[in-house]
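1. Dropping a prediction and its sequence here:
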Number of protein chains: 2
Amino acid sequence: MVDALSSWNDGAAKAAITGFVARVAREGGPDYVPPAERIAVFDNDGTLWCEYPMQVQVFFVLDELRRMGTADPALLEKPAVKAMLAGDLQALAGMSKQEVFEPAFMVHAGMTVAQFKASVAAWIEGARNPKSGRGFAAGAYRPQRELLDYLRANGFKTFIVTGGGIEFVRVVSERLYGIPPEQVVGSSTKNRFEVTADGIEVLKLPQLGSFDDREEKVANIELHIGRRPILAFGNSDGDLAMLRYTLAGPGARLGLVLHHDDAAREFAYDRDFRLSPLREALDEGAGYGLTRVSMKDDWTTVFGD
Amino acid sequence: MVDALSSWNDGAAKAAITGFVARVAREGGPDYVPPAERIAVFDNDGTLWCEYPMQVQVFFVLDELRRMGTADPALLEKPAVKAMLAGDLQALAGMSKQEVFEPAFMVHAGMTVAQFKASVAAWIEGARNPKSGRGFAAGAYRPQRELLDYLRANGFKTFIVTGGGIEFVRVVSERLYGIPPEQVVGSSTKNRFEVTADGIEVLKLPQLGSFDDREEKVANIELHIGRRPILAFGNSDGDLAMLRYTLAGPGARLGLVLHHDDAAREFAYDRDFRLSPLREALDEGAGYGLTRVSMKDDWTTVFGD
């Protein structure tokens, strides 16, 4: 028999996943969940692909600012934008995720969504993670791609719920994870319907719509999905609200947290990573009923190469 | 051969639908669209179910106000809430959709989303349209249910994009139209993640998140779906932006407008219906490339009974 999770070592984490899926999929069993309600949500940065030393979108905005600058004086006042224009990675790493991401989401105001997506698609082909030398798309984790396929083969509907920009992640979600745009939930700017000489487009505005992190992830799950998930997978305290919301529902539930403890094959970081710390979820995770996944121990490969 | 659209009379509208579907589904043909991009969006009130003399959710809020009142003095100042509490249907019918809907969406602030949905589910079983005497769920149009099934059988993914409350419509969308909650886009209040003694819930707040009408429908299609639809169906000027956005994309496109011209089997109204007027879409529709669907001429039955 082919093991659908061949990049996962046999161990507590893999057993928790396969046991859970078998229980909810067993018709007539006490934990059976109809397919329509098998909703699984995954964080993206650090859960589905590499987010170290900074999230992929930060590198994108950095390159975009180098390419086009920003015409907005208010944005130039933001410490994160200043640091990006100066190429000061160390300053960025010392800021919170919200400090870095919020102004970064505004840099593309005035573009149409279609232009923005084209610019992401072109950029991601060539750019590389400066620490690993790896192309950013090649930073997607092989075991997670297997897990997504395995869940879908068992009737689950898989969603991304990311602090990253919703339009940014949609450019790669289908190709990397088999997740269509309409199943990506993320941070967003406000957009406007615009009739131009060229046609009818959606224009990106310089106002934040939603910063999809922490408690906001739960509000956005309700807004976009409208059902409580039965499985959630994250890797930082920014995912804790959605993990706890998932586990608090009735019936069988699974909440997983990826621990980056693998300095040899990827990176080792947790509490001290300002841009996305894993602290409460690590220290209190067992009490919340979370299952820890060790990159080092639970995965036979990280990138599959 | 069974006609999947047996509630549709042979005529220009039916031919436009079947011709369009055949073209986009024909592999190798010039208008072929891969299934993943066959996105169809439908307005709900007046397009999928009866909205006359007022939208279903207005009757719900009316009954809810009678049942529980409102504790919020600011809401009591709103003309629509005053009229609802007085049972003054005539005053409501003279207001704009936004005047009526916006405060109505706030009435349930303080409830959890789960409580709100339970209250909708209980109400809709018993309540009846005062003009038709018909239960509200029985106000769903048989030809539209057939059309949704037909589109899905041809690889389309069907979405509702409604000015009604997103959580309200999700209670009935699966049962009435085969559309799961995650494929419903609508107006929304802001919500908050809340840890209570009973568990972890999502709480409705007294602030409007989005009033999903006119141009905002397009912004929300981008936010929730992330692709431009290739088919849109509406029945009022509130749907015009999403219809024009749909038609403005490249390749084969179809934009349909239901005309309520059937006083015998349903109701006849268009330009003068304040709560959801059909004026520009009727007068300029041909120029925009819209296809008019006449309830009287194009449907063999309205409710299928």
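-> Good, I have the coordinates.

2. Output stretch A:259-272 as CSV - backbone C-alpha positions only.
-> Provided in CSV are the C-alpha atoms of stretch A:259-272 (Å, rounded to 0.1, in the frame of the first residue of the first chain):
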residue,chain,number,x,y,z
HIS,A,259,7.9,23.7,15.4
HIS,A,260,10.9,25.0,13.5
ASP,A,261,13.6,23.0,15.3
ASP,A,262,15.6,21.9,12.3
ALA,A,263,18.7,24.1,11.9
ALA,A,264,20.3,21.5,9.6
ARG,A,265,17.5,21.3,7.0
GLU,A,266,15.7,24.6,7.4
PHE,A,267,16.0,27.0,10.4
ALA,A,268,15.6,26.7,14.2
TYR,A,269,13.6,29.5,15.7
ASP,A,270,10.6,30.0,18.0
ARG,A,271,10.2,32.4,20.9
ASP,A,272,12.6,35.0,19.7
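
3. So what touches it?
-> With CB atoms under 8 Å, 6 or more residues apart in numbering or on different chains as the test, stretch A:259-272 has contacts from A:46, A:50, A:52-53, A:131-132, A:235, A:277-279, A:282, A:292-297, A:299, A:301-303. C-betas here are computed from N, CA, C, even on glycine.

4. Kindly report the same for stretch A:242-253.
-> Stretch A:242-253 has contacts (CB under 8 Å, 6+ apart) with A:20, A:23-24, A:31, A:33, A:41, A:43, A:161, A:217-218, A:221, A:228-232, A:234, A:254-255, A:257, A:281, A:288-290, B:193, B:195, B:199-200, B:202.

5. Filter those residues down to the buried ones.
-> A:20, A:23-24, A:33, A:41, A:43, A:161, A:217-218, A:221, A:228-232, A:234, A:254-255, A:257, A:281, A:290, B:193, B:200, B:202 (16 or more other CB atoms under 10 Å in any protein chain shown).

6. Which ones among these lie within strands?
-> Judged by DSSP state E, strands contain the following of the buried ones among the contacts of stretch A:242-253: A:41, A:161, A:231-232, A:234, A:254-255, A:257, B:193, B:200, B:202.

7. In a helix, A:Gly209, correct?
-> No: under DSSP: H, G, I helix; E, B strand; the rest coil, A:Gly209 sits outside any helix and is assigned strand.

8. isn't it right up against B:Leu223?
-> Yes: counting by CB atoms under 8 Å, B:Leu223 is a contact partner of A:Gly209 at 7.3 Å.

9. Show me which of the two is the more surrounded one.
-> B:Leu223 (25 against 17; other CB atoms under 10 Å in any protein chain shown).

10. Going by distance to A:Pro73, which of the ones in strands among the buried ones among the contacts of stretch A:242-253 wins?
-> Taking CB to CB as the measure, A:Pro73 lies nearest A:Val161 of those, at 33.6 Å.

11. Return the residues of the stretch 201-305 of chain A in contact with chain B.
-> Listed as neighbours of chain B in the stretch 201-305 of chain A under the rule CB under 8 Å from any CB of the partner chain: A:202, A:209, A:215-216, A:218-219, A:222-227, A:241, A:244-245, A:248.

12. quick one: which of these is most hemmed in?
-> A:Tyr245 (27 neighbours).

13. Is it part of a helix or strand, or is it coil?
-> helix.

14. closest to B:Asp63 among the residues of the stretch 201-305 of chain A next to chain B?
-> Nearest member of those to B:Asp63, counting by CB to CB, is A:Gly226, at 23.0 Å.
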